[in-house]
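Peer 1: give me a model of this one.
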Amino acid sequence: MRTPWRISSFCFVSLALLGAGCEPAPSPVSSESGAVLEQKKDRAVGDVKLFCEIPQDGSYFELKQTATGYEGVVATQVYDPWDCRCIYLKREVVGQYTSCQFAPSDPRIVSCWRREPNGTIGKMGMFSTKVTRQSLVIGGPTQEVSDQLLDIGVVNQDPGQTSRRDFSYALDDCTAG
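Peer 2: Presented below is the predicted three-dimensional model:
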């Protein structure tokens, strides 16, 4: 009598474990439309002010306004060989700021800083700059190629932190909220 029960429970547990694997990572969504920014606003706690994404792999940088100021977050897709070979989205807070100033001509150009309790500017800041690269094509008719980038620099000189990190995104892949 007990043998069929044990066999059926073994089969049930085995099938459950086979189906308990990781779901495939969702395909990255292109940031060509404003709908992506709205989607990220719905998912994140706070109001997204700057969102830059690399469409090929879905990694992104976002600057969002929170109840206490602003927060910079970098998200990358990470491969985890120990967890059934899954790909997951790793979100890392790279800075928390008390103030940000956005350029009136282009709100994607921003500088943020943290003000310490004693009134001084802290050792943490974030800035973005618009860069235009121009290059000449060699080996054919004279042709000039140009592209625009948004370079983001994050400075965090707190103990135990990476002192500076730089990110570069195509200007078309960045939206301001």
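Peer 1: after the worst-scoring helix or strand of the chain on mean pLDDT, heading C-terminal, what element do we hit next?
Peer 2: Within the chain, confidence by mean pLDDT, DSSP states H and E is lowest for helix 34-43 among all helices and strands, at a mean of 44. Per DSSP states H and E, the first helix or strand lying C-terminal to helix 34-43 is strand 47-53.
Peer 1: roughly how far out does that next one sit from the chain middle?
Peer 2: In terms of Cα atoms, centre = their mean, to the nearest Å, the centre of strand 47-53 is found 9 Å from the chain centre.
Peer 1: buried sites along it?
Peer 2: The neighbour-count check on strand 47-53 (16 or more other Cβ atoms under 10 Å) flags V48, K49, L50, F51, C52, E53 as buried. No exception for glycine: its C-beta is placed from N, CA and C like everyone else's.
Peer 1: which two among those residues are spaced furthest apart?
Peer 2: Comparing all pairs in these by Cβ to Cβ, the longest separation belongs to K49 and E53, at 14.6 Å.
Peer 1: now K64: how far from K123?
Peer 2: Going from K64 to K123 by Cβ to Cβ, to the nearest Å gives 21 Å.
Peer 1: which of those two has more neighbours?
Peer 2: The neighbour count for K64 versus K123, taken as other Cβ atoms under 10 Å, is higher for K64 (19 against 15).
Peer 1: the more buried one and R91 touch, don't they?
Peer 2: No - when contacts are counted by Cβ atoms under 8 Å, K64 is not listed as touching R91 (11.5 Å).
Peer 1: middle-most residue in this protein, spatially?
Peer 2: What sits nearest the mean C-alpha location of the chain, by Cα atoms, centre = their mean, is Y60, with 2.6 Å.
Peer 1: what distance do you get for it to V131?
Peer 2: In terms of Cβ to Cβ, Y60 sits 19 Å off from V131.
Peer 1: equivalent analysis for G58, please.
Peer 2: Going from G58 to V131 by Cβ to Cβ gives 23 Å.
Peer 1: in this protein, which spans are helices?
Peer 2: Per DSSP state H, the chain carries helices over the ranges 2-19, 34-43.
Peer 1: what's the overlap in contacts for K64 and R91?
Peer 2: By Cβ atoms under 8 Å, 6 or more residues apart in numbering, K64 and R91 have these common neighbours: V73.
Peer 1: check contacts around the nearest residue to T129 once chain neighbours are set aside.
Peer 2: Nearest residue to T129, sequence neighbours excluded (Cβ to Cβ, 6 or more residues apart in numbering): D151, at 5.1 Å. Neighbouring residues of D151 by Cβ under 8 Å, 6+ apart: S128, T129, V131, D166, F167, S168.
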